[in-house]
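Student: Quick check, what structure comes out for this input:
(one chain, ligands or ions: 1)
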Amino acid sequence: MRCSSCLVAAGLLLCALATSAQSAPKPAPLVAATPPMGWNSWNFFAEKVTEQDIKNAADQMVATGMRDAGYVYINIDDTWEGERDAQGILHTNSKFPDMKGLADYVHARGLKLGIYSGPGAKTCAGYTASLGHEEQDAKMYADWGVDYLKYDLCSFREDVMYPKALHDRPEQARLMIAAYAKMGKAIQSTGKPIVYSLCQYGWDSVWEWGASVGGNLWRTTGDVEANWPSIAMILNAQAGLADYSGPGHWNDPDMLEVGNGDLSLDENRAHFSMWAMLAAPLLAGNDLPHMKPEIKAILTNKEVIALDQDPLGKQARRVYVDGEVELWTRPLANGDTALAVLNHGPERVATHPFHLPLASLGLHAGPAKNLWTGAMIALAENMPVEIARHDVLLVRIPAK
Ligand code: GLA
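Tutor: Down below sits the predicted model:
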């Protein structure tokens, strides 16, 4: 009798535990657990982008294999906005006749849709932004099925920061942070897992407060351009920011220029390599319907993408500089280490010559995989390396 009541009691206890485990709410999946990957209209189309360009981009993401390589967001940047009506509802302009239909089109291809606004009255291109309509806009994006919002400071300075606090920098920063927090809260209130991308060019050390306002990524600098000096300058500005980046909240050195402008093949490869080392969001910005095979090969290199998307989410640190040569390393989830040797200089580095220090950087000699050629190479202490101008040696060193 005692024994069976014991069993009943134990059963009830187990049952109660099981029930409470079942009813405990599952934690929501982390938004942007790895750096967001996709494509954004600005770097190639700028103000000219239309609904058809977005549809073409979505089709090309699928046809080129980019979607299957991990690029899922199709992000409309500035210039989709029309005017607000008497109820404050923001309408699209004639270039984007049916945003809900466009979201459906993108979703039907296994992709996600991103949109753009800002905390001021106007966007950077002078279109209508969200000042005073934050909740209303966030709800509308969610109703359309938008999955990603880039929120760009632009006229908030002239509309709010300067009129309220022209000579008070700390107060200006407070106003700006509050504006980003307001939209962060509005997005969260929709209950949808919308990626929140802060774009205010790295002002007021955004990496220190971006996550606290709900940001999943934040631009760390001004706009990237499709030339090597711009890419090198932005890369240089990322040194020292590694501690601020991680799953759910990433430093954003701006979108990719791979395939744009006059970047050489080496420069395209180095740009992509270094953004992968930085665990940067990988938002392509090229003309997808006319993408050359060698550009596609860069953007879809599986092992370089795996580096960027490594679940540990540790951004690379610059660990060594010798003239034009820089070494960046990052630890990876399986114990491997990624090493990038970058030649910033105008000449091939054999002239230097550059000898690879391993032990002093805590790296070990032995086999490593060259992520661009796919070949195993033997790393040796002080081995001479030769790297073309604006190119990179990118290797994955297995755990010892
Ligand atoms: C700013 C941003 C760019 C782009 C433009 C659009 O310059 O930094 O990335 O969004 O605005 O007007």
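Student: quick one: the strands in the stretch 251-400 of the chain?
Tutor: 282-284, 317-322, 325-331, 337-343, 354-356, 366-370, 376-379, 383-385, 392-397 (DSSP state E, counting those that start in this stretch).
Student: do the stretch 101-250 of the chain as well
Tutor: 112-117, 148-152, 195-199, 217-219, 250-252.
Student: Tabulate these in CSV, adding columns for mean pLDDT, mean neighbour count and distance to the ligand.
Tutor: For every residue, glycine as well, the C-beta is placed using N, CA and C. Converted to CSV, these look like this (pLDDT from 0 to 100; neighbours: other CB atoms under 10 Å; distance: least, CB to the nearest ligand atom, whole Å):
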stretch, mean pLDDT, mean neighbour count, distance to the ligand
strand 112-117, 98, 25, 6
strand 148-152, 98, 26, 5
strand 195-199, 98, 25, 5
strand 217-219, 98, 27, 7
strand 250-252, 98, 28, 10
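Student: got a list of what the residue nearest the centre of the chain touches?
Tutor: The residue lying closest to the centre of the chain (CA atoms, centre = their mean) is residue 281, at 1.8 Å. Residues near residue 281 by CB atoms under 8 Å, 6 or more residues apart in numbering: 35, 36, 37, 197, 217, 250, 252, 255.
Student: repeat that with 10 Å
Tutor: 32, 34-38, 40, 73, 195, 197, 216-217, 219, 250-256, 275, 308 (CB atoms under 10 Å, 6 or more residues apart in numbering).
Student: Can you check the pLDDT for it?
Tutor: We have a pLDDT of 98 for residue 281.
Student: Need the nearest residue in space to residue 141, chain neighbours excluded.
Tutor: residue 115 (5.8 Å; CB to CB, 6 or more residues apart in numbering).
Student: burial count for whichever residue of the stretch 201-350 of the chain sits closest to the ligand?
Tutor: Nearest to the ligand, among the residues of the stretch 201-350 of the chain, is residue 223, at 4.7 Å (CB to the nearest ligand atom). Neighbourhood size, residue 223 [other CB atoms under 10 Å]: 14.
Student: from memory it sits against residue 199, does it?
Tutor: Yes. Using CB atoms under 10 Å, residue 223 makes contact with residue 199 at a distance of 9.4 Å.
Student: Which neighbours do these two have in common?
Tutor: Residues touching both residue 223 and residue 199 by CB under 10 Å, 6+ apart: 124, 254.
Student: quick one on the thing from earlier: over to the residue of the stretch 201-350 of the chain closest to the ligand: give its phi and psi.
Tutor: phi -70, psi 140 (degrees, to the nearest 10).
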